[in-house]
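sequence and predicted structure below; questions after.
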Amino acid sequence: MRYEVHGEQVFKQLNGMFALAIYDKRYRRLVLARDRFGIKPLYYAVNYNKLIFASEIKAILEDPDYRREVDIDALNSFLTFRYNPSPQTLFKKYSY
């Protein structure tokens, strides 16, 4: 199966862990996808009308425009449950 032929339905056929981005030139859109079990995470942030995405938060933190502030509620969840439920991360979400 190919994305060009089947569109987003192609992701249902993929096995294993993955996080990927495809720019669909025909429809001028960016498609972000990850495996259905969430084994490979896909993090994203919107910063000053810029979309940053990666499979590890440390890559997003490399962006000098990204404000690195701890989300206290997320920290509480992490200390209580030893993980953060999706879509929560340890960092505050901002919209500009």
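It's in.

C-alpha from now on. contacts and neighbour counts both.
Will do.

which SS state does residue 52 fall under?
Secondary structure assignment for residue 52 (DSSP: H, G, I helix; E, B strand; the rest coil): strand.

lowest-confidence helix or strand of this protein?
Of all helical and strand segments in the chain, the minimum by mean pLDDT, DSSP states H and E falls on strand 43-47, at a mean of 84.

partner strands of it, with direction?
strand 50-54 (antiparallel) (DSSP bridges).

show the average pLDDT along the helix or strand immediately after the partner strand in the chain.
Using DSSP states H and E, the helix or strand that follows strand 50-54 in sequence is helix 57-61. For helix 57-61, the mean per-residue pLDDT is 89.

isn't residue 43 right next to residue 55, touching?
Yes - using Cα atoms under 8 Å, residue 43 makes contact with residue 55 at a distance of 5.8 Å.

how about the helices in the chain?
3-6, 57-61, 72-81 (DSSP state H).

in TSV, list the ones you listed along with distance to residue 49.
Output for the helices of the chain, formatted as TSV (distance: least, Cα to Cα, whole Å):
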stretch	distance to residue 49
helix 3-6	27
helix 57-61	15
helix 72-81	24
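
low-confidence ranges, the protein, go.
94-96 (pLDDT under 70).

hmm, back to that, and the least confident helix or strand of the chain, what's buried?
43-45, 47 (16 or more other Cα atoms under 10 Å).
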